[in-house]
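1. Using only what follows, build the 3D model:
(3 chains)
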Amino acid sequence: MSHSLGVTGTYPLVLTLWLLPLLGAIICWAFGPQLRTMSGWLASALVGISFVLAVASWSDATQGAGGTLGAHQPLASWLPGFDFGLLLDPLSLIWTFIITGVGFLIVFYSIGYMDGDRAFARFFAYMSFFVFAMLTLVLSDNFIGLLVGWGLVGLASYFLIGFWFERQSAVAAARKAFVINVVGDVGMMFAIFLIVANVHSINFGAVFAAAPALSAGVLFAICVTLFIGAAAKSAQIPLHTWLPDAMEGPTPVSALIHAATMVTAGVYLVARCAPLWDHSHGAQLLVGGIGAATALVGAILGTAQWDIKRILAYSTMSQIGYMIMGVGVGAYEGGIAHFFAHAFFKAQLFLGAGLIIHALADEQDIRAMGGLRRRMPFAFWVMLTAVLSICGVPGFSGFFSKDAVIYGALQHGHPWVYATDIVTAGITAYYMFRLLFVAFLGEYRGEAAQAHAAAEPAHRPHAPAWIMNAPVAVLIAPSVAIGAVLMFGGENSPWQRFFAPLFGATSSRAIALPPVSEGVTTLLVFITVIIGFAIAWQRYATRSAQADAVARLRRESERMPALLTNLLYFDWLIERLFVRPAQQLGALFGRVLDPHVFDGAVRDLVYWARWLGTLVRSFQTGLVRAYALILVAGAACFIVYYAVAAGVR
Amino acid sequence: MVVPIGDYVALAAVIFFIGVFGVIVRRNPLIMLMSIELMLNAGNLLLVAFARLWLQNAGQIFAFIVITVAAAEAAIGLAIIVTTFRPERFVDVDDVRSLHG
Amino acid sequence: MIVLATILLPLVAGALLFALPRQDRVLSRAIGVVVATITLVTVIAAGTTSEWSFRWLSRPFDAAFHFGATPTSFWIALLLTVATACAIAASREARLRDFVAQLLLLEGAMLGLFLARDLLLFALFWDLMLLPVFFVLIGWGEHPATAWRYFIYNFAGGLTLLLATAAFGVIYGSTDVIGRAAGPLVGAWAPWIYAGFAFAFLVKTPVWPLHTWMPPTYSGLPAPMVAVVSAVQSKAGLYGFLVIALTLLPHEVHAYALALMVLGAVSLIYGAVIALTQNDAKRIVAYSSLSHLGLIAIAVGSGNPIALRGALVYIVAHGLFSAALFLVLGYVEEREATRLLARLGGLGWKNPKLAGALCIAALAALGLPGLAGFAGELLILIGVYQAGYVWPVIVALIAIVVASAYFLRLYQDAMNGPEVPDVPVRGDLTWPEALAVAPLLAALVVVGVYPAPLLHP
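-> Residues are numbered from 1 along each chain as shown, chains lettered A, B, ... in the order given. Below you'll find the model as predicted:
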């Protein structure tokens, strides 16, 4: 088992690709009003250059072997043992490709999508900052650097969810996302305390080298607390509730942050800490189980949504469940492959949804869509290919990656997880085709497009359509074909060989001899997908269903089970268990305890001091002769006392 | 002829108690001040008498200090009396109670 | 000699400022900023090497007018001078000349406190630094009762400090002991002396349940003054624990460490939970201060070297962000004539600079990784955990989550959301106003990215 510290040296390319987006963020932030639309071009250009540099660093990232795989660039040191540096190895390289590559396409797309927004430059500053933060996260060679990146992407996500901050709902969603992510950060912090106390280092290399020697309890605790961070960031139950709300942000944000990159940070974390998970069976079971449960819950909730972006959000949650499950049980290549493919097809889905939302004047309810196939053929083909890919239709990218994950669960000895995943695949097919059929087939049911078409041309010139269409078109190729190119061929596929130096050969790690072959798995998945598709077809695509679509959809929304409309009561529970008790406690402390008990004790002290003063004051009559009498009486007492004392003696 | 020390003590005691009586009973501040002087001088008498008896000059010196203090006190006391009682013609300490608690 | 000049300069300048014509607002502010900046320069020039000593008492114990920075107090003095310069630059109060003079006097008194190398001197400056705050509470505050509450509470602390110092001097023979490798005080009196010190330090910090003077004081003081007070004056107690108690009475600190940590942990969670529901923006920051300083009390109690280094980072970080928060909230209050969150809202669109400043300060305060607060927090908790205390770490982590909630509430309720119709949004920060908080914000980023200088004294 190898874990990389990288070949230490100076890597200007890595440094530059890391810092360029920060430069973009600072320029867009400081000179936004001057740059205006140029800021979008600048930001995308810098992210694009980062991507080129990442490609150019390929040989650096894959150099070396065994314990020193990849490029390690030391940066600075806090305390002895707290050294910071950058590490570009195959794992972070894959993430860097997606962050900068897909990031470039999405930032470019945003030039069109955000055209005319009054905070145009600020948007690109935030996007660039996000890319920088995400690069920090994946390039750090230590846990604290990872945590810094972890927090900064959370901040970028907060800013971008609440980008339209005059909307109360966006503000609330942003706050919720941030606070839940802080819960994750705090979990990771605890993991860092455990690591420092037991290993006395924060660097990946040292920690992973020490992992086999750690006691099972400590290792499990480290894995669990790290996973709290992963769960919050990657929207795993029960910390997933922020992700659907995060759709309040502009659509490109949802595509980049809440689909392709940031929410997969948890996958990265688990894959990065593979040496820890490899040695903790309990952690594997836990993470695999939560991943599978999230996949299922996300899929179930996805069937009950009407907002196009929320459907996609739940599907993201569900797909990340797959990834987490994959890396959790030890099928790292599979989990990462699903991340890789998902980044393309989910970005494509969101950007396609963005095309629709943009054209329909911010209409997001699929009940108010319909018949868009004829109006927006490009968007239809974009969505169709992406849906086929996400459902795992054979030949598409999603097919290869999802099969690798599902079969990996079985290979590593988790049959229940395997079964859950196969069922989830069917539900995925159902809700994705539901989205496609309701939005694109039948007759148009909304009012927005006319209004939009009538109002729009007179108002302002649109950015040219190709700015938004070109990035989406570019994404189609990988989301259809990348799986066939990279992941075909099992053990000998380019993908497996790429990761072999990092994780070791798959066959050597598989602990169970699967009772079912990979071919049968593929068949099972395909059958459930067909069933899901068939149900969706039956309910939304047949001629009779399309004929009275309006009535049918209304009926369906009215008869939705309470369990589903309340989103399985996760939000309700969090509200009841944590938010309200904290507020009530705050009210109790702030309005009762603090002013009346603790300050009350102080005021009681004041009261008694005053009472004592009043008592003593009453001797002060102001009558001079009374004073004299007391004086004499006192003197007389003394005299009598001494006289008696003398007499006794 | 040598006056026995007991006579001095007796005289001083008489004078002192006259002073005490005056302070407690009389309401005229001037008389009260004079009574205080009486008490102080009773003390002085004892100081000087015992200094003579034991042939130690410290007592005599102390008597001078007491005289000085008494003079200062009389000056301040008279000043207070004059300022306090000038507006009212009647002189009675029981009427001055502005220092009561 | 430089160190003496450092202390005398603001005191003398503050006194001389009263000679200026009353209505010379701009000039007095300019003089104040210049004096504070020169003081900043002299603090750096003095460094930790410059010392000045003059014999004062030889009976009943040795005492001296002995000044000089220790590695810890150097950073606090730097923080103090930066915070004062920024606060004076941000001052827009009525009777500005007198206000600036009070700020300078406060700076001088606190410089004397932190640079004192003699315990008796420390105790004297302890009481002296109460006076400018008291006068400002009387003259500019909302209610004189607040001023008396502040004064009596802290003066009681000063009294126990003075008594403990006297006892210490009599037993130990000398009070010229701060920052010197003198052996610890032992004996039957040591716990009582520690109790005297600890009471003063706990009141000043403040730590629950001795904190009730603090919320009204912080919300009653004008923003520039409270910026300095919460940034630096509240650190006097912690500095006392770190530099005086830990070196001179280590056994006692250790023996009662658990009590200190419990008080710190209760402050931590208590302040955080109250801050969650307060409506007055300044009170939110006040209670957050209670919460944050509880963390440092925990660090002192743990006695772990990493935690103690983290405590210094966090002292500086808290100074920077609480000063920035109070200054920015002062700007908000000055513009909108209210600081109630229920009445504020939607300032961000028209005041991007104001919103940005509040945002950075609030993020640093809630411990965003990459800003100063995080570095201190993380080091403290690593150290506390390493020392074997798990429960304070868990309490602190819960408080961090709560902190993110209340600081975002503070920021969002003021800056985000729709504009509130009955509180019209007024202009954004002017350049002088922005420059007054800029050094604090810049320092937050610098310390957050590279806290190493504070860690290698």
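2. Next up, the contacts around A:Leu42.
-> A:Leu42 makes contact with A:24, A:27-28, A:35, A:124, according to CB atoms under 8 Å, 6 or more residues apart in numbering or on different chains. Any C-beta I mention is one placed from the backbone N, CA and C, and that applies to glycine too.
3. Centre-most residue in chain B?
-> The centroid of chain B falls nearest to B:Glu37 when counting by CA atoms, centre = their mean (2.1 Å).
4. For residue 105, give me phi and psi.
-> No chain in the question, so chain A it is. Per-residue torsions, A:Leu105: phi -60, psi -40 (degrees, to the nearest 10).
5. Let me know how buried it is, in neighbour terms.
-> Other residues within reach of A:Leu105, judged by other CB atoms under 10 Å in any protein chain shown, total 28.
6. about what we covered before: of the contacts of A:Leu42, which are in range of chain B?
-> On the criterion CB under 8 Å from any CB of the partner chain, none of the entries of these sits beside chain B.
7. Pick out the lowest-pLDDT one from those residues.
-> For the contacts of A:Leu42, the minimum pLDDT belongs to A:Leu35; the value there is 82.
8. OK, contacts around that one?
-> Shown in contact with A:Leu35 (CB under 8 Å, 6+ apart): A:27-28, A:42, A:121.
9. any idea how far the nearest residue in space to B:Val48 that is not next to it in sequence lies from chain A?
-> Excluding its sequence neighbours, the residue lying closest to B:Val48 (CB to CB, 6 or more residues apart in numbering or on different chains) is B:Ala63, at 5.3 Å. B:Ala63 is 21 Å from chain A, where distance means CB to the nearest CB, to the nearest Å.
10. so how far is the helix or strand containing B:Ala63 from its chain's centroid?
-> Using DSSP states H and E, B:Ala63 sits in helix B:58-85. Offset of helix B:58-85 from its chain centre (CA atoms, centre = their mean, to the nearest Å): 9 Å.
11. Just the ones of the contacts of A:Leu35 in helices?
-> If you go by DSSP state H, those have A:27-28, A:42, A:121 in helices.
12. Name the nearest of the residues you listed relative to C:Thr70.
-> Taking CB to CB as the measure, C:Thr70 sits nearest to A:Ile27 out of the ones in helices among the contacts of A:Leu35, at 42.3 Å.
13. residue contacts, that closest one?
-> So A:Ile27 contacts A:35, A:39, A:42 (CB under 8 Å, 6+ apart).
14. which residue ranges form the helices in chain B?
-> With helices called from DSSP H, chain B shows them at B:5-25, B:29-54, B:58-85.
15. tell me the most buried of these?
-> Among these, the stretch with the highest mean neighbour count (mean count of other CB atoms under 10 Å in any protein chain shown) is helix B:29-54, at a mean of 18.
16. Give me the packing partners of that one, helices and strands only.
-> helix A:624-648, helix B:5-25, helix B:58-85 (3 or more CB pairs under 8 Å, 6 or more residues apart in numbering or on different chains; DSSP states H and E).
17. Dump the ones you listed to TSV, plus mean pLDDT.
-> Formatted as TSV, those follow (pLDDT from 0 to 100):
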stretch	mean pLDDT
helix A:624-648	87
helix B:5-25	92
helix B:58-85	90
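18. Reformat those helices as TSV; add distance to C:Leu441.
-> What follows is these, written out as TSV (distance: least, CB to CB, whole Å):
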stretch	distance to C:Leu441
helix A:624-648	66
helix B:5-25	74
helix B:58-85	64
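19. Going by neighbour count, list what's buried in stretch C:33-53.
-> Residues C:33, C:35-40, C:42-43, C:46, C:48, C:50-52 are the ones in stretch C:33-53 that count as buried (16 or more other CB atoms under 10 Å in any protein chain shown).
20. which ones are touching B:Ala70?
-> B:Ala70 neighbours (CB under 8 Å, 6+ apart): B:36-37, B:40-41.
21. Would you mind measuring from it to chain C?
-> Using CB to the nearest CB, one gets 36 Å for the distance from B:Ala70 to chain C.
22. what does B:Ala51 give?
-> Taking CB to the nearest CB, one finds B:Ala51 at 35 Å from chain C.
23. my read: that residue touches B:Phe64, true?
-> No - with contact defined as CB atoms under 8 Å, B:Ala51 does not reach B:Phe64; the gap is 11.2 Å.
24. where does the residue located most distally from the centre of chain C fall, helix, sheet strand or coil?
-> Ranked by distance from the centre of chain C (CA atoms, centre = their mean), the top residue is C:Pro421, with 36.5 Å. C:Pro421 falls in the coil class when you classify it by DSSP: H, G, I helix; E, B strand; the rest coil.
25. and which of the contacts of A:Leu35 is nearest chain C?
-> A:Ala121 (11.1 Å; CB to the nearest CB).
26. domain parsing for chain C?
-> C:1-255, C:265-457 (automatic domain parsing).
27. quick one, which of these is packed in tightest?
-> domain C:265-457 (a mean of 23).
28. pLDDT averaged over that domain - what is it?
-> For domain C:265-457, the mean pLDDT works out to 90.
29. Now find how far off-centre it is within its chain.
-> Distance of domain C:265-457 from the chain centroid (CA atoms, centre = their mean) equals 13 Å.
30. I'd like to know how far C:Leu80 sits from C:Leu103.
-> Using CB to CB, to the nearest Å, C:Leu80 is found at 11 Å from C:Leu103.
31. Nearest to chain A within the stretch 351-457 of chain C, name that residue for me.
-> For the stretch 351-457 of chain C, CB to the nearest CB, closest residue to chain A: C:Pro369, 3.4 Å.
32. Please apply the same query to the stretch 101-250 of chain C.
-> C:Thr212 (3.9 Å).
33. wait, what's in contact with that residue?
-> The neighbourhood of C:Thr212, defined by CB under 8 Å, 6+ apart, consists of A:594, A:598-599, A:602.
34. what's the longest helix in chain C?
-> Under DSSP H, chain C gives helix C:305-336 as its longest helix.
35. Next secondary structure element downstream of that one?
-> Of the helices and strands lying after helix C:305-336 in sequence (DSSP H and E), the nearest is helix C:352-365.
36. Show me what that next one is packed up against.
-> helix C:281-302, helix C:305-336, helix C:372-386, helix C:391-415, helix C:431-449.
37. Helix or strand: which one has C:Leu202?
-> In this structure, C:Leu202 sits in helix C:190-204 according to DSSP H and E.
38. Just the CA atoms of that helix, as CSV, please.
-> Provided in CSV are the C-alpha atoms of helix C:190-204 (Å, rounded to 0.1, in the frame of the first residue of the first chain):
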residue,chain,number,x,y,z
ALA,C,190,0.5,31.4,47.6
PRO,C,191,-3.1,30.2,47.0
TRP,C,192,-4.5,33.4,48.6
ILE,C,193,-2.3,35.5,46.4
TYR,C,194,-3.3,33.5,43.4
ALA,C,195,-6.9,34.0,44.4
GLY,C,196,-6.4,37.8,44.5
PHE,C,197,-4.7,37.8,41.1
ALA,C,198,-7.3,35.4,39.6
PHE,C,199,-10.3,37.4,40.8
ALA,C,200,-8.9,40.6,39.2
PHE,C,201,-8.0,38.8,36.0
LEU,C,202,-11.3,37.0,35.7
VAL,C,203,-13.3,40.1,36.2
LYS,C,204,-11.3,42.0,33.7
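39. Give me the contact list for that helix.
-> Residues beyond helix C:190-204 that count as contacts (CB under 8 Å, 6+ apart) turn out to be C:126, C:153-154, C:156-158, C:160-161, C:163-165, C:167-168, C:171, C:185, C:210, C:213, C:233-234, C:236-238, C:240-241, C:244-245, C:249, C:251-253, C:255-256, C:260, C:263, C:297.
40. List the ones among the contacts of C:Thr212 that fall in strands.
-> Judged by DSSP state E, strands contain none of the contacts of C:Thr212.
41. between those residues, which is closest to chain B?
-> Nearest member of these to chain B, counting by CB to the nearest CB, is A:Val602, at 25.6 Å.
42. before we move on, the earlier item: may I ask which two of the contacts of A:Leu42 are separated the most?
-> So, the contacts of A:Leu42 by CB to CB: farthest apart are A:Gly24 and A:Leu35, at 10.7 Å.
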